[in-house]
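Asks: Fold the following and give me the result.
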Amino acid sequence: MAVRIGTRGSALALTQTQQTADTLAAVGGFATELVRIKTEGDVKTGSLASLGGTGVFVTALRDALLADRCDVAVHSLKDLPTAGQPGLTIAAIPPRADVRDVLCARDGLTLAQLPAGAKVGTGSPRRAAQLRAARPDLEVLDIRGNVDTRLGRVPGLPGNAQDAPGDLDAVVLAAAGLTRLGRTDVVSEYFEPEVMLPAPGQGALAIECRIEDGPVREPGGSGHATGEGVLAQALAAVDDADTRLAVTAERALLARLEAGCAAPVGALARRKGSMLHLDAVVCSVDGTRSLRLKKATDGLTEVGATLLGIELAEELLAQGAADFADLGA
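Replies: Residues are numbered from 1 along each chain as shown. This is a model prediction of the structure:
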């Protein structure tokens, strides 16, 4: 019997889920089938903030898992709420892809080369705030839609349909998604984290399943997991300890700030030798104010990563981040 893998129906979701399914099948030696689930974020229009932000792409997939309509679900980790779902577990986090944001602009222009008043589209308040901070003379517009729809808003990009609207000068997207889709030919500039910090969890995938079907993690969060069933063993095998540590720190910071994907918060954790480093920024929506701090720990466990995220969030709050950003903390 095939392992049923739940996914959204967008081209990106299907691509990254199929890639994950192929990896699990190769490791576990079982067949897989994709189960398409329509989510609230797929059927409703409007900005992510107006839809409630975090969770609009996740709830239906989680409901399908709990109702036994699929065995695992694959999420873009940056879309996953920081609060856990009773009965479910993030069973595996594969090695992270490129964390960076990218500019896809007409005529191959970079951010510095875009003319004053140029129209740049993004659906992310975090990206919008950092764009406005770097180039306050640009017109940053809120846009929705799948990757092809967004790229179609920029004239002359490779692969665009002839009838694409082409009404923007550029859009900002995640490098990881374009890489998975084989569309990096549209990128005119990669933003290094020093210029634009990514969303917590960006570039990473989360494979979620029912607790009883997942691997058992060692006490203390050392990063090692074991499983009795074939699926549990495969999930444990594809989990990447360094990626899990990094996103644990990023998501702990987000949770302490009581912020979701609709908040202008960027965070990136990276392991360097025996240390885990976390860099975070909180911005005002208009980009006129921001606070960026960093912190490190030698506690290379999930508990240590969680504490790192919480402590850096506390420092951001102590220095007034909540005064100019819409945080729940």
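Asks: any idea how far Asp107 is from Leu77?
Replies: Distance from Asp107 to Leu77, counting by C-beta to C-beta, to the nearest Å: 33 Å. The C-beta positions use only the backbone N, C-alpha and C, and glycine is treated the same way.
Asks: right, I mislabeled it, should have said Gly156
Replies: Gly156 sits at a distance of 32 Å from Leu77 (criterion: C-beta to C-beta).
Asks: Tell me which of the two has more neighbours.
Replies: Set Gly156 next to Leu77 and count neighbours by other C-beta atoms under 10 Å: Leu77 wins out with 23 against 12.
Asks: Double-check Gly29 against Val230; I have them as touching.
Replies: Yes. With contact defined as C-beta atoms under 8 Å, Gly29 counts as touching Val230 (7.2 Å).
Asks: More neighbours: those two, which one.
Replies: Val230 (14 against 10).
Asks: contacting residues around the more buried one?
Replies: If you count contacts by C-beta atoms under 8 Å, 6 or more residues apart in numbering, Val230 has them with 28-30.
Asks: Adding pLDDT, write those residues out as TSV.
Replies: TSV is the format used below for the contacts of Val230 (pLDDT from 0 to 100):
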residue	pLDDT
Gly28	94
Gly29	95
Phe30	95
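Asks: List just the nearest of the residues you listed to Ser124.
Replies: Gly28 (34.8 Å; C-beta to C-beta).
Asks: where are the low-confidence patches of the protein?
Replies: Residue ranges of the chain with pLDDT under 70: 39-56, 217-228, 260-262, 328-329.
Asks: rerun that using 90 as the cut-off
Replies: Scanning the chain for pLDDT under 90 picks out the ranges 1, 38-57, 84, 144, 159-166, 216-229, 258-263, 325-329.
Asks: Now do the SS call for the spatially most central residue of it.
Replies: Centrality entry for the chain: nearest residue to the mean C-alpha point is Lys78, 2.5 Å, by C-alpha atoms, centre = their mean. State at Lys78, reduced to three classes by DSSP: H, G, I helix; E, B strand; the rest coil: helix.
Asks: mind listing what it touches?
Replies: 198-202, 204, 261.
Asks: Among those, pick out the one closest to Gln319, please.
Replies: Pro200 (19.1 Å).
Asks: tell me the phi and psi of that closest one?
Replies: Here is the backbone geometry of Pro200 (degrees, to the nearest 10): phi -50, psi 130.
Asks: and it, how many neighbours?
Replies: Here the count is done by other C-beta under 10 Å, and Pro200 has 33 residues near it.
Asks: correct me, but it touches Leu253?
Replies: Yes. Here Pro200 reaches Leu253: they are 6.8 Å apart, a contact under C-beta under 8 Å.
Asks: Cool, thanks, talk later.
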